[in-house]
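Q: Could you work out the structure for the sequence below:
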Amino acid sequence: MDKKLFLALIFSSVTVIGLQYFLHRNDPVANQAPVTGMVTPGQAFKVPSKEDIVKPLNREIDFVDKKSVGSPVFTTIETDLYKMDFSTFGGNLSSVEYKKILGKQKTPLKTVYSKDFFQRTEGCFLLALNEKTPYFYELEEFNPDFLADKAKISYKATVGSWLFRKTYLISKTSYKIDLNLEVVPSSFNAALSGVVEPIQPRLIFPAPFVNELLGDVNNGFYYDSLTKALKRYTPARDGSIENAWVMPEIFGTEDKYFVHALVNDADHFTQRAYYKKSGLGDNLFSILEGPVVKEKTSWNLSFYFGPKDMKHLVAVDSKLEGLLDFGWLSWLCKLLLKFLSLIYGFVHNYGLAIIIVAFLIKLPLLPLTIKTQNMMERYQKYQPQISRIREKFKGDMARQQEEIVRFHKEHNISPATQLVGCLPLVIDMPIMIGLYKVLVNYTDLYQAPFFGWIIDLSSKDPFYILPILMGVSMIWQQQLTPTGDAKQKVIMWFMSIFVTVLFSNFAAGLVLYWLTKNLLAIAETYFRKAFFRAS
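A: Below is the predicted model of the structure:
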């Protein structure tokens, strides 16, 4: 077999296998050995006692009103970003709907869903005690225009000698929720006499879950103050969930597109944080364990409940940008993402943005590709003569090599030219991997339409039209490349069909990118032959 053909086949195979491997493997995540019982030195607050750190993790909830059944009263807060329902059941956030993020039915996606009385342990922002947890709250205040940029809603409940108050401030311009927790001895005389029964509150909130995403999986994450980086914790990979993090700065959960996380705990409510599994598919719940208190105490906490959108994550806390982890090419993915978002701001269509990106990547490489294609075309003209030398000296390999080297020198050509044609693939492969990662992991590209039948660039073409066009463009491109080897033509046809079948199940946006690159390469070939033909 011709060396050039052999090298082309090997490189093509490696490229295809590499694409298949990198595009379907899970993103690598940072090591996440939890720090149990370790606190960064120099913290300006009381460190929990050793007994508090090592005591068993409490994931159970004992309601004071176990057998009572009632109907919840819902209160709705709407902003440009959210529609939120709050409930007198637990004084909880009952449902979260993202008005600007649409799903398959072109309706807003939700990550928190209303629970009935029998699902009360799965409430969002449920305040639990070691025993006698209150569940029926009273709406104390509702002020949708509390501040120009914030709405306010407050609930209270009384159990035993304690009053519990939960006050939410909902940002109207970001995905931030501020929560004030207050516990007050309900009897002033009891507080003075010191007979108030101590309590230890826990705050519980669920991981995001999107019903329409098949196989939606939750991960936990926390901020490691030693390495100054977010680290993931995945029970499916890391095994046991019997781990606790002491006073984490950031702690929460994520799924493919959304984040639910504590991002600020200014009054150090959280002494330990840990996870539990509950509900459909063993979804993760975050548990923030507070201190033991005997007197009136209040804490201010802030949460991010929103999409994995770079702009919105950074607006709440710049450290959250670490959640946009696209794997080992994360830096390239983020660059592509910024590029796509910038172009989208002008054209308002991610399909067009992908086409423009392909063009802008191709344009500065045009002089290089024209030169390399001319070099290959010129080298191809000498292939019959090189083949005759191989045939003439096939019985004397040393002489054959000597004659071929001499021929190369006389005609000022190089055998390395055979590899020059691989340069476009070398450049394109990391870009395609990066684009794929962005397409299947970034919220704005979920259900992003292009044109006609392409209603979701993050999923495959339902009618396989784009993959077929891509295959046709590959064959067209090959027809423009002169070769006298019939076997090579057949094999390259086979490779085109193989790549077409492989890409038929890839995201439509990725296939659109490759099709655009092929069409640009075809146009370049005609342009080169018209104005820059090799001598």
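
Q: Please read off the pLDDT at the residue nearest the centre of the chain from the model.
A: When Cα atoms, centre = their mean is applied to the chain, the residue found nearest the centroid is residue 441 (4.0 Å). You'll see residue 441 listed with a pLDDT of 83.

Q: Am I right that residue 402 is in a helix?
A: Yes. Judged by DSSP: H, G, I helix; E, B strand; the rest coil, residue 402 forms part of a helix.

Q: so how far is residue 393 from it?
A: Distance, residue 402 to residue 393, by Cβ to Cβ, to the nearest Å: 9 Å. Placement of C-beta: from N, CA and C, glycine included.

Q: The two: which has the busier surroundings?
A: Ranked by neighbour count (other Cβ atoms under 10 Å), residue 402 and residue 393 place residue 393 first, with 16 against 13.

Q: so what's that one up against?
A: Taking Cβ atoms under 8 Å, 6 or more residues apart in numbering, we find residue 393 in contact with 399-400, 403.

Q: Can I have the buried ones of those residues as a ChimeraX selection?
A: To isolate the buried ones among these in ChimeraX, judged by 16 or more other Cβ atoms under 10 Å, type:
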select :400,403
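
Q: Please identify which of the contacts of residue 393 is nearest to residue 116.
A: Taking Cβ to Cβ as the measure, residue 400 is the one of the contacts of residue 393 closest to residue 116, at 83.0 Å.

Q: Excluding chain neighbours, give the residue nearest to that closest one in space.
A: residue 393 (3.7 Å; Cβ to Cβ, 6 or more residues apart in numbering).

Q: per-residue confidence for the one you found?
A: So residue 393 comes in at 83 (pLDDT).

Q: what do you get for residue 1?
A: 44.

Q: just residue 193 next, same as before
A: Residue 193 carries a pLDDT value of 54.

Q: now the one 5 residues further on
A: Note on residue 198: pLDDT of 90.

Q: pretty sure it contacts residue 292?
A: Yes. Between residue 198 and residue 292 there is a contact under Cβ atoms under 8 Å: 5.2 Å.

Q: what's the domain layout of the chain?
A: Using automatic domain parsing, the domain ranges for the chain come out as 3-23+333-531, 73-324.

Q: the helices in this protein, which residues?
A: 3-24, 50-54, 188-193, 235-238, 310-316, 330-347, 350-381, 383-392, 397-410, 417-420, 423-441, 465-479, 486-503, 508-531 (DSSP state H).

Q: Turn the ones you listed into JSON lines, columns for distance to residue 215.
A: Output for these, formatted as JSON lines (distance: least, Cβ to Cβ, whole Å):
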{"stretch": "helix 3-24", "distance to residue 215": "14"}
{"stretch": "helix 50-54", "distance to residue 215": "36"}
{"stretch": "helix 188-193", "distance to residue 215": "52"}
{"stretch": "helix 235-238", "distance to residue 215": "12"}
{"stretch": "helix 310-316", "distance to residue 215": "24"}
{"stretch": "helix 330-347", "distance to residue 215": "22"}
{"stretch": "helix 350-381", "distance to residue 215": "24"}
{"stretch": "helix 383-392", "distance to residue 215": "51"}
{"stretch": "helix 397-410", "distance to residue 215": "55"}
{"stretch": "helix 417-420", "distance to residue 215": "41"}
{"stretch": "helix 423-441", "distance to residue 215": "12"}
{"stretch": "helix 465-479", "distance to residue 215": "23"}
{"stretch": "helix 486-503", "distance to residue 215": "22"}
{"stretch": "helix 508-531", "distance to residue 215": "20"}
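
Q: Out of those, which is closest to residue 142?
A: Between those, helix 310-316 lies closest to residue 142; by Cβ to Cβ that is 24.0 Å.

Q: returning to that earlier point: any idea which of the domains of the chain scores lowest on pLDDT?
A: domain 3-23+333-531 (a mean of 80).

Q: chain center to it: distance?
A: Counting by Cα atoms, centre = their mean, to the nearest Å, domain 3-23+333-531 is centred 28 Å from the centre of its parent chain.

Q: circling back: export the contacts of residue 393 to a markdown table and tack on distance to residue 97?
A: As requested, the contacts of residue 393 are exported to a markdown table (distance: Cβ to Cβ, whole Å):
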| residue | distance to residue 97 |
| --- | --- |
| 399 | 79 |
| 400 | 74 |
| 403 | 76 |
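
Q: out of the contacts of residue 393, which one sits closest to residue 110?
A: Nearest to residue 110 among those, with distances taken as Cβ to Cβ, is residue 400, at 71.1 Å.

Q: The closest one against residue 387, yeah?
A: No. Here residue 400 does not reach residue 387: they are 11.3 Å apart, not a contact under Cβ under 8 Å.

Q: for the residue nearest to the centre of the chain, what are its contacts?
A: So residue 441 contacts 27, 256-257, 308, 326 (Cβ under 8 Å, 6+ apart).

Q: ok, now residue 167?
A: 141, 152-155, 179-180, 182.

Q: from those residues, which would you call buried?
A: When these are checked for burial by 16+ other Cβ under 10 Å, the buried set is 152-155, 179-180, 182.

Q: Which of these sits closest to residue 261?
A: Using Cβ to Cβ, the buried ones among the contacts of residue 167 come closest to residue 261 at residue 179, 12.8 Å.

Q: Quick check: the closest one vs residue 127, distance?
A: The gap separating residue 179 from residue 127 is 10 Å, by Cβ to Cβ.
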